[in-house]
Structure formats: structure tokens, C-alpha cells
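Q: I would like the atomic coordinates for the input below:
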Amino acid sequence: MTDRLGHKQTAAMFTLMVLGREVPNKELEETVGFTLTGKDRTHLNELGYVASEPTGPRRSFVHQLSDRGWAWCEDELAVGSPPPPRGHSTLAAALYVLLGGLHEYLVREDKRLFEVFGPAGLRPAGPVQERESEDTSVGNLEDRIRIAYKELVKEPRGWVGLVDLRPKLGAPAAEVDAVLKELSRDGKVHLVPEDNRKVLTAADHEAAIRIGGEDNHLLSIEAL
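A: Okay, the predicted model is just below:
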């Protein structure tokens, strides 16, 4: 069974799950009527369920589920009842019946949550893409990033578009973003925006990774 969280933290987790991307506190408040701040935020950060960065307006926090956060949500679907205190909300109890049905569907269809709630342009599109995902599942995601980069790059330490890289990885956007951010912090990869904004397509914008309040579209790796 998953570790149970408080009601507000659980609500925040499920909201980030459904939105499937980075979510500013302002958008959280507009969507569900609260922000993720204080002890609720730090607890989820310490558990490794949510990554929060002060990259919003006036350094407000922007939140996104981590890999562990997606895993927690999948486990929470199956528990069957709301976290304590139970209270008297019939709606909360009914919601967990609905979540249990979603869990049964995912198990029956052999699907993952990110395939339902991840960014539309990065969800598996059908049997062909599912087979490609299976073929690329060997090895960790960092290795697959390096292999895909090597296939795409035209010169040593050249730049590769994330829009071209992501489809080769067979992994949800949240997982790819987490690994790329870690590699960037460690200086193993370089991520930059496209200087010529006029050439960017909708797919480029969707594939970009946001770091420090800036969308980055290109990747370079020093050493393969």
C-alpha cells in the first residue's frame, strides 16, 4: 500500500497528475482553489514526489510530478478509500470508487498513467509506437538519451532539437525532464533556447524543457 498523504497533499498530487506538466501555483489556485506552499510543499519535495522550482512570477513556485510521484499516484488509485481523517464526505468516498475503476482499467489494458494524462504530443500513439517503446526500454534513460543524441547529431558536440530526441526515448515527458534537468545540473549536457524564435513550431514548444523560467529547445552532449 502507498504511504497515505493528507487530503490537501493528495488533492495536489492528483491535480498535478491530471495536468501532466509543470504547474504554477497561480494555475493551481485557479484550478482547484489552493496553492502548494509551506509544509505541504516541502513534505512532497522531501518525499521526492514533486519537484518545485521558484521560476514563476515574483519567484513563485512551479510544480511537477517526479517519477516517484507518478508511481505514488498509480498506487493510490488502488487503495479503495480516502486517506484519514475520513470525515463525512460521500463525494470523497465515491471519488475513490472511480479511481479504483481507473486502476482496474490501467491493469486490464496494460497502460501507465502517463499514457492517459501525459502531454498529448508525447503519449504513445498506437501499436507501432508501443513496440518502439518496448525496444528502447533496455538500459536506463540516461543511456537512451545518449544513444538517441548520437543518432541525431551531425557533428561533435552539435545541437539536437528536443522535438527530435523525445520520440526516440519511449519515456514519459516527466521522466525525461527529470533526467535532463539532473544531467544539466551536473554539467553532463547543455540545454539552450532556440535563438530564432520564428522557426519554432507548436511541436518545438511542446517538446521544450523549462529551466530557470526559460524554455530550452536544443541539447548538446560534450562526451559520448
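Q: could you point out which element follows the top helix by length along the chain?
A: Among the elements of type helix in the chain, defined by DSSP state H, the one spanning the most residues is helix 90-109. Under the assignment DSSP states H and E, the closest C-terminal helix or strand after helix 90-109 is helix 113-117.
Q: Does anything pack onto that following helix? Which helices or strands?
A: helix 7-19, helix 67-77, helix 173-185 (3 or more C-beta pairs under 8 Å, 6 or more residues apart in numbering; DSSP states H and E). All C-beta spots, glycine's among them, are computed from the backbone N, C-alpha and C.
Q: Format those as CSV; extra columns: mean neighbour count.
A: Putting those into CSV (neighbours: other C-beta atoms under 10 Å) gives the following:
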stretch, mean neighbour count
helix 7-19, 19
helix 67-77, 19
helix 173-185, 19
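Q: one step back: can you give me the buried ones in the longest helix of the chain?
A: With burial defined by 16 or more other C-beta atoms under 10 Å, the residues of helix 90-109 counted as buried are 92, 96, 99, 103, 106.
Q: how many neighbours does the closest residue to the first one other than its chain neighbours have?
A: Yep, that's residue 92 we're talking about. With C-beta to C-beta, 6 or more residues apart in numbering as the measure, residue 82 is the residue that lies nearest to residue 92, at 4.3 Å, once sequence neighbours are left out. The local packing count at residue 82 equals 19, with neighbours defined by other C-beta atoms under 10 Å.
Q: Shouldn't residue 82 be within a helix?
A: No: counting by DSSP: H, G, I helix; E, B strand; the rest coil, residue 82 falls outside a helix, being coil.
Q: the bottom helix or strand of the protein by mean pLDDT?
A: Comparing helices and strands within the chain by mean pLDDT, DSSP states H and E singles out helix 127-135 as the least confident, with a mean of 41.
Q: quick one on the thing from earlier: so how far is residue 96 from the residue nearest to residue 92?
A: Remark: distance between residue 82 and residue 96 (C-beta to C-beta, to the nearest Å) = 6 Å.
Q: Centroid-nearest residue for the chain?
A: residue 174 (2.2 Å; C-alpha atoms, centre = their mean).
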